[in-house]
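1. just to be clear, the model below is a prediction. Sequence and coordinates:
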Amino acid sequence: MRPIEGSGRRRGLPAWLRTTAFRVTLLHLVLTLAGTATLSGVAWLATIGFAARQLAADVEQDAGVLLRVARLGGAPSVAAMVDARMAADRTGTEYYLLAARDGARLAGNLAQAPRAAGWRTLRLEGGEKPGAEVLAHGTRLPDGAFLVVARDLAPVRNLESRLLGAAGWVGGTALLLGLLGGALMGHGVARRAAAMGAALAAVEAGEIGRRLPVRAGGDEFDRLAGRINATLDRLQELMATVRQVTDDVAHDLRTPLSRLRQRLEAAQRDAGPQGEAVTGAIEECDRILGVFEALLRIAQVEGGARRASFSRFDLSGVVEAVAEVYGPAAEERHQTLVARVAPGVAAWGDRELATQMLANLVENAVRHGREGGTVEVGLERGPRGGAVVTVADNGAGIPASERGRVFRRFHRLDAARSSPGTGLGLALAKAVADLHGMAIDLGDNAPGLRVTVSVPPLPRQDARSA
């Protein structure tokens with residue numbers, strides 16, 4: 001299968017950057033900032049544009065009055081009017097320049113001015129306000145003189161500065177509110193997703209009756225949770241049906257098989273020394289009865305009925321007892337069974353089921369281990385509490401491609417089909433491990449198989465009382 005382009009970069013990101021909560025927060029923040037920027041831009045254009053237009057209107061009005069004076073009295077009248085306006089200006093924002101046809105100054109307070117008609121923005125050099133900006137408008141008078149009327153742009157620039165400061169505060173506030181709102185929305189999404197994940201994890205762990213929380217709001221999460229709950233209900237119904245059929249078949253067939261075995265035993269007694277065929281039939285009945293017993297045992301474990309009887313038990317004692325029981329079986333195959341058990345290790349669960357699980361693993365190692373080889377059984381404390389149980393042999397082992405399948409019921413490797421067995425030992429061990437929250441890992445013992453069982457720590461309440 002070809003890798004998806006860019007997947008490596010996404011896997012390199014921190015986990016929180018790949019969450020829906022972060023994406024919701026980021027989207028909310030971007031939309032908030034975009035909306036704030038748009039409104040600020042509209043307000044900027046409306047406010048600054050109005051102030052600039054108002055200033056230009058004042059210049060046009062003043063220039064129009066002086067132009068009418070020029071038409072009536074010529075340049076001398078305009079010069080007198082300019083002097084009068086400058087004397088009456090208390091704000092110091094009005095600027096004028098009246099120049100004769102030859103360019104000589106006739107009146108005004110502008111040191112420099114354009115000689116072309118129209119609008120200009122000038123920066124003053126010298127005077128009382130060096131570097132100040134003015135909005136100027138030049139007009140050619142009827143007698144050839146040139147008139148410039150200007151207004152200081154300082155009020156507009158001050159308004160711009162205030163708007164920029166206000167925009168900074170508004171942007172900062174919008175950023176904080178966007179982050180806060182996005183974080184609240186993201187937290188809500190993360191909380192709902194975590195609740196759904198926890199419920200599904202509980203179902204995966206064996207609590208098949210657990211369901212996802214559904215609120216009365218009826219949003220998309222609630223509709224999704226309702227659909228998942230309906231699917232889980234259907235799966236639970238199907239699983240219950242399958243288990244019931246399995247139990248019924250096992251129960252219904254076990255009774256006639258037991259009766260058949262009794263009749264074969266009676267026939268064996270009547271047959272005397274010639275009863276070898278009957279003896280073989282009895283052994284086959286025993287094998288079939290063992291299969292049904294194992295199936296019923298697995299169904300009982302997977303149903304979780306034994307979880308109510310969980311208690312604290314001595315795991316070290318269980319491992320030592322199993323190793324001691326299978327010592328003679330290992331000796332028959334000229335194997336050396338080595339047990340390394342840490343003392344005083346306790347676990348939480350059903351002691352009988354834990355013993356059955358470990359017995360299946362050790363029996364599997366003895367049966368499929370190399371004749372004359374070594375079988376190792378170990379128990380040590382885990383790095384973060386709990387314990388680790390290992391069962392290793394130096395036989396043929398299990399190929400890596402088959403390690404995920406050997407826990408299925410009746411699954412046997414081709415090399416093991418000629419040996420006694422039902423293919424249910426590892427399936428039962430896996431069911432017991434899942435019931436106790438343990439993890440079974442199959443690895444390479446180079447050569448052989450190494451089975452590692454990770455046992456979870458004791459519950460907090462029991463650990464404190466221990």
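-> Happy to help now that I have it. Note that the structure is predicted; figures quoted are calculated from it, not measured. Residues are numbered from 1 along each chain as shown.

2. spell out, range by range, the helices that occur in the stretch 151-300 of the chain.
-> 154-204, 220-271, 276-302 (DSSP state H, counting those that start in this stretch).

3. deepest of those helices, which one?
-> helix 276-302 (a mean of 16; mean count of other C-beta atoms under 10 Å). Glycine gets a C-beta too; all of them are placed from N, C-alpha and C.

4. pLDDT on that one, on average?
-> In this model, helix 276-302 has a mean pLDDT of 67.

5. with stretch 85-104 instead?
-> 82.

6. which stretches in this structure count as strands?
-> 94-99, 105-108, 118-123, 133-140, 146-152, 311-314, 336-341, 346-349, 374-381, 387-392, 439-444, 449-455 (DSSP state E).

7. which stretch among these comes nearest residue 432?
-> strand 346-349 (8.5 Å; C-beta to C-beta).

8. quick one, what contacts the residue lying closest to residue 212 once chain neighbours are set aside?
-> In space, and not counting its chain neighbours, residue 212 is closest to residue 225: 4.0 Å by C-beta to C-beta, 6 or more residues apart in numbering. Each residue near residue 225 by C-beta atoms under 8 Å, 6 or more residues apart in numbering is listed here: 196, 212, 213, 214.

9. quick one: residue 225 from residue 190, how far?
-> Separation of residue 225 from residue 190 (C-beta to C-beta, to the nearest Å): 15 Å.

10. same thing with residue 357?
-> Residue 357 is 37 Å from residue 190, by C-beta to C-beta.

11. residue 235 too?
-> Counting by C-beta to C-beta, the separation of residue 235 from residue 190 is 27 Å.

12. residues touching the nearest residue to residue 453 once chain neighbours are set aside, list them.
-> With sequence-adjacent residues excluded and distances taken as C-beta to C-beta, 6+ apart, residue 453 is closest to residue 389, at 4.2 Å. Contacts for residue 389 were tallied using C-beta under 8 Å, 6+ apart; they are 315, 319, 358, 377, 378, 379, 452, 453, 455.

13. can you say which of the residues you listed are buried?
-> Listed as buried from these are 315, 319, 358, 377, 378, 379, 453, 455; burial here means 16 or more other C-beta atoms under 10 Å.

14. what's around residue 80, how many residues?
-> Using other C-beta atoms under 10 Å, residue 80 has 13 neighbouring residues.

15. just the pLDDT for it.
-> 87.

16. contacts only, for residue 115.
-> With C-beta under 8 Å, 6+ apart, residue 115 has these contacts: 99, 103, 138, 146.

17. tabulate the residues you listed in a markdown table, adding columns for distance to residue 459 and neighbour count.
-> Shown next, in a markdown table, are the contacts of residue 115 (distance: C-beta to C-beta, whole Å; neighbours: other C-beta atoms under 10 Å):
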| residue | distance to residue 459 | neighbour count |
| --- | --- | --- |
| 99 | 99 | 22 |
| 103 | 101 | 8 |
| 138 | 92 | 20 |
| 146 | 98 | 21 |
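
18. and which of those is nearest to residue 34?
-> Once C-beta to C-beta is applied, the member of the contacts of residue 115 that ends up nearest residue 34 is residue 138, at 42.5 Å.

19. just checking, the closest one touches residue 110?
-> No. Applying C-beta atoms under 8 Å as the test, residue 138 and residue 110 come out as separate, 10.7 Å apart.

20. hey, what's in contact with both of these two?
-> With C-beta under 8 Å, 6+ apart, residue 138 and residue 110 have common neighbours residue 148.

21. okay, the closest residue to residue 179 other than its chain neighbours: pLDDT?
-> Using C-beta to C-beta, 6+ apart and skipping residues adjacent in sequence, the residue nearest residue 179 is residue 29, 6.0 Å away. Residue 29 is assigned a predicted lDDT (pLDDT) of 75.

22. residue 29 against residue 175, yeah?
-> Yes. Counting by C-beta under 8 Å, residue 29 touches residue 175, with 7.3 Å between them.

23. for residue 425, give its distance to residue 359.
-> From residue 425 to residue 359 the distance is 9 Å (C-beta to C-beta).

24. and for the two, which residues touch both?
-> What both residue 425 and residue 359 touch, as defined by C-beta under 8 Å, 6+ apart, is an empty set.

25. using PDB, list the CA coordinates for stretch 117-134.
-> Taking Å, rounded to 0.1, in the frame of the first residue of the first chain, the C-alpha atoms of stretch 117-134 are listed here in PDB:
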ATOM      1  CA  ALA A 117      -3.900  74.200  -9.800                       C
ATOM      2  CA  GLY A 118      -5.500  71.300  -7.900                       C
ATOM      3  CA  TRP A 119      -5.100  69.400  -4.700                       C
ATOM      4  CA  ARG A 120      -1.700  68.700  -3.100                       C
ATOM      5  CA  THR A 121      -0.400  67.400   0.200                       C
ATOM      6  CA  LEU A 122       2.500  69.500   1.400                       C
ATOM      7  CA  ARG A 123       5.000  69.000   4.200                       C
ATOM      8  CA  LEU A 124       6.000  72.300   5.800                       C
ATOM      9  CA  GLU A 125       9.700  73.300   6.000                       C
ATOM     10  CA  GLY A 126      10.600  75.700   8.800                       C
ATOM     11  CA  GLY A 127       8.000  78.000  10.400                       C
ATOM     12  CA  GLU A 128       6.300  77.300  13.600                       C
ATOM     13  CA  LYS A 129       5.400  73.700  12.600                       C
ATOM     14  CA  PRO A 130       8.300  72.200  10.700                       C
ATOM     15  CA  GLY A 131       7.400  68.900   9.100                       C
ATOM     16  CA  ALA A 132       3.600  69.400   9.500                       C
ATOM     17  CA  GLU A 133       1.400  68.100   6.700                       C
ATOM     18  CA  VAL A 134      -1.200  70.300   5.100                       C
END
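
26. now it, how far from the centre of its chain.
-> Put simply, stretch 117-134 sits 61 Å off its chain's centre (C-alpha atoms, centre = their mean, to the nearest Å).

27. any chance you could list what contacts that stretch?
-> 56, 92, 95, 109-114, 135-140, 150-154, 157.

28. mind doing that once more with 10 Å?
-> 55-56, 59-60, 92-95, 109-114, 135-140, 146-154, 156-157 (C-beta atoms under 10 Å, 6 or more residues apart in numbering).
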